[in-house]
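S.K.: Have a look; sequence and predicted model below, questions after that.
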Amino acid sequence: MDKLKERWGLTSNWQILAIILAFSVNGSFAAWVAKPITEFIGISAEVHGWIFWMIRIPLIFVVYQITLPLSGWIFGQFKFFWNMEKKMLMRMGLKRFFES
């Protein structure tokens, strides 16, 4: 735990627990939100097979990235998740939008 706290710049084990819970809740939420979107588009796994997953997985990824700072805020770890989000988006080539 100490290595994780040092790497993430945390001061307590409670922060680790809050971050792990935020990741878990946000992942489930992203999958939950993606379901009605794919249904609205009219794509289902039974009918469209691999096309369904080619759309759903990137959709979950986008929803996850958008809602991760919100999830972090709910669990009191917004600063951690916002910094993580900026780092990930900069690695994806969107550096100019998130420099600070």
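M.R.: Ah, there it is.

S.K.: going forward, measure contacts between C-alpha atoms and count neighbours the same way
M.R.: Fine.

S.K.: Quick one: mean pLDDT over the host helix or strand of G27.
M.R.: Secondary structure from DSSP states H and E places G27 in helix 13-41. Averaging pLDDT along helix 13-41 yields 92.

S.K.: Report all helices and strands that it contacts.
M.R.: If you count contacts as 3 or more CA pairs under 8 Å, 6 or more residues apart in numbering; DSSP states H and E, helix 13-41 packs onto helix 50-74.

S.K.: Report the inter-axis angle for the helix or strand following the helix it packs on versus helix 13-41.
M.R.: Once the chain leaves helix 50-74, the next helix or strand it forms, by DSSP H and E, is helix 78-91. Angle of helix 78-91 versus helix 13-41, following axes from the mean of the first three to the mean of the last three CA atoms, to 10 degrees, is 60 degrees.

S.K.: Next, the buried residues of helix 78-91.
M.R.: Residues 78, 80-82, 85-86 are the ones in helix 78-91 that count as buried (16 or more other CA atoms under 10 Å).

S.K.: re earlier: please state the offset of the helix holding G27 from the chain centre?
M.R.: 7 Å (CA atoms, centre = their mean, to the nearest Å).

S.K.: Just want the most central residue of this structure.
M.R.: Y64 (3.4 Å; CA atoms, centre = their mean).
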